[in-house]
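Asker: Sharing a sequence plus its predicted fold:
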Amino acid sequence: MVESGRDIPAPAEPQPEAPPIVLPLPNMDEDENEMEDVIVPNEDVDTMMMLGKHYILNYIMKQAAKPLKGIPYHYKDVKNYPLEEQKKWEQACKEEIKSIEDRNVWTLVDCPPDRKPVKCRWVFAKKSDGRFKARLVAKGFLQIYGEDYDETFSPVTHFETVRLLLAYMCRNDWEIESLDVKTAFLYGRLDEEIYMEQPEGFKVPSSSKKVYRLLRALYGLKQAALAWNKELHKLLLKLNFKRSKSDPGVYIFQDKSGIMLFIVYVDDGLLMSNSAKLLKKKKTAFLNVWEARDMGPVKEYLGFQITHNRVKRSMVLHQHPYVLKVLKCFQMENVKHVRTPLPAGYQPSTAPKDYNASPTIQQRYQSVIGSLLFVMLGTRPDIAFAVIKMSQFMANPTEEHLQKALHIVKYLGSTPNLALHFSGGASSLDCYSDSDWAGDSETRRSTSGYAIFLGNDLVSWRSRRQPTVALSSTEAEYMSMCDCAQQILWIKSLFQECHLSLQHFMMFGDNKGAIHIAQNPVMEGRSKHIDIKYYFLRECVEKQIFMLDYVPTDQQKADMMTKNLTWQKFQDNRSRLNLLEFKS
């Protein structure tokens, strides 16, 4: 699994492009060693969260749906396809080997007696443009820490960063283009001594017992993404870009000719500039160094399908193709339609202490939640509460939990054409914070949620269970507003680094008591026990980093992030998020 920054879908076996459309699981029947990559930890979700938010997110998302039929899973499967397709898959494999050899990725040697070579496998995919793609992937989960690798973390941009910048650039009519670096990981240099078995179907007849000594990174190695990112970072610095401190996946260039941003997610680049001439100049310089496909005006990025209307300065973001594939994977294309992600009033509960989920239910449950997470993090805030709520039962799901998770899939099947619409509006950041006091019937913890708008455009959202029990609704709302304040500060910092301006920042809450505590430096009986870290919110208000105001509950746009709403309230809240049907 490629380790990365937050909001990253991580495949069990690394895929040729990021993010993958369907995230595969290893075949348990072929190689017992592959089971090491999908061992289910015994920790519950709270414990896993303590290990880091990236740990739980990457773990869940790597359990997403198995690949669809029509694509070989192993190299030996290619011979089962029609002759014409066999030739295309074999040609794709030859092109991959040629790319590797052209870049001097490996050299054939005898394996030292004290070293065990890692295995490799072929990964196949059909791209959205109809191309047949084959990628040779090392089985990095067999690598030994301290011997084959050390550091692995590779920064990538956040999903919310992409939405924020797309919304801003759309309203200001900036140039927005994309590119894809071909065989990007092969450019990364390795510091470690790593040996790999020869790939299936391409063993050298006279040297079949020899192995390859890897000189450059190969997809699947634990340090591959980091090695590639180091090379990319060096090039962008040479092109006079500066890496953002707020989001290490964003690079910024500014001179008298204009501003340009280079947004990086593994090997996919998103280029934005207020000068067409500057964008062309920097893109040409980049393409002169590395082989990449110039995708032109952006139409797809991070699995988002993007429709950009420059005349109207509007944009539509959706994941319709991915939703359809999820429905097909779980055989739910023709199920009965439902109107909400979870049944109205449903409150899930943990399994009895003497219950242990079977491996079948556990793996299927994780596959469903992993697939839903990618949709929720991308363009579907309407399922945020339901997905986060059901993900709390990952460690020991019951059949009831599985059916309710599939209910969310049914909801996606009922609303596959919902999309985020960016349509401009005032150049301001409006943030809605909400909580559901003691909403968890078992732990009595509250749920925090927020929805952040750039003008009329929803660009960031969150739903999460609070880490401690709140003693009142005022305290719960205050803690939720503190979470929202942190997000506002991050957005403000990002925009300042990118030399972008916003007129003002506003936060709205529907609890007057919480607003009073935030605006007044007084200590009252009902608030003196609140953890001191939450008084960060009061400091932000005093420094006028943002303005804090009251909004009636019936106008609270973050309501669906904190609770399971009835149909009418859910529909009203969803429409306020500018989450509307799009015409395909």
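Answerer: Yep, that arrived.

Asker: which ones are touching residue 519?
Answerer: Contact analysis of residue 519 by Cβ atoms under 8 Å, 6 or more residues apart in numbering lists 538, 541, 548. The way it works is simple: take the backbone N, C-alpha and C, and place the C-beta from them, glycine included.

Asker: roughly how far apart are it and residue 541?
Answerer: 6 Å (Cβ to Cβ, to the nearest Å).

Asker: With residue 166 instead?
Answerer: From residue 166 to residue 541 the distance is 30 Å (Cβ to Cβ).

Asker: So those two - more neighbours on which side?
Answerer: A direct count of neighbours by other Cβ atoms under 10 Å for residue 166 and residue 541 places residue 166 higher, at 27 against 19.

Asker: what about residue 71, is that helix, strand or coil?
Answerer: coil (DSSP: H, G, I helix; E, B strand; the rest coil).

Asker: list the contacts for the residue nearest to it when sequence neighbours are not counted?
Answerer: Nearest non-adjacent residue to residue 71, counting by Cβ to Cβ, 6 or more residues apart in numbering: residue 124, 5.3 Å away. Residue 124 sits next to 71-73, 78, 89, 92, 132-135 when contact means Cβ under 8 Å, 6+ apart.

Asker: Neighbouring strands of the host helix or strand of residue 252 in the sheet, and parallel or not?
Answerer: Per DSSP states H and E, residue 252 falls inside strand 250-255. Strand 250-255 pairs in its sheet with strand 242-243 (antiparallel), strand 258-265 (antiparallel), by DSSP bridges.

Asker: Find residues that contact each of residue 519 and residue 541.
Answerer: Shared contacts of residue 519 and residue 541 (Cβ under 8 Å, 6+ apart): residue 548.

Asker: Just the residues contacting the strand holding residue 252, thanks.
Answerer: 157, 161, 165, 236, 239-244, 259-264, 278, 282, 494, 497-499.

Asker: Residue 355 touches residue 398, doesn't it?
Answerer: Yes. Look at residue 355 against residue 398 with Cβ atoms under 8 Å: they come within range, at 6.8 Å.

Asker: between those two, which one's more packed in?
Answerer: Comparing residue 355 with residue 398 by other Cβ under 10 Å, the one with more neighbours is residue 398, at 18 against 10.

Asker: what's the closest non-adjacent residue to that one?
Answerer: Computed as Cβ to Cβ, 6+ apart, the closest residue to residue 398 that is not its neighbour in sequence is residue 351, at 4.9 Å.

Asker: follow-up on the earlier one: just checking the distance from the strand holding residue 252 to the centre of its chain.
Answerer: Centroid separation for strand 250-255 versus its chain: 24 Å, with Cα atoms, centre = their mean, to the nearest Å.

Asker: try stretch 390-398
Answerer: Going by Cα atoms, centre = their mean, the spacing between the C-alpha centre of stretch 390-398 and its chain's C-alpha centre is 20 Å.

Asker: so how far does that stretch reach from one end to the other?
Answerer: 11 Å (Cα to Cα, to the nearest Å).

Asker: where does the residue nearest to residue 224 when sequence neighbours are not counted sit relative to residue 142, distance-wise?
Answerer: Take residue 224 and drop its neighbours on the chain: the residue closest to it by Cβ to Cβ, 6+ apart is residue 217, 4.0 Å away. Residue 217 sits 16 Å away from residue 142, going by Cβ to Cβ.

Asker: Ok, residue 159 next?
Answerer: 31 Å.

Asker: picking up where we left off before, report the buried members of the contacts of strand 250-255.
Answerer: 157, 161, 165, 236, 241, 243-244, 259-264, 278, 282, 494, 497-498 (16 or more other Cβ atoms under 10 Å).
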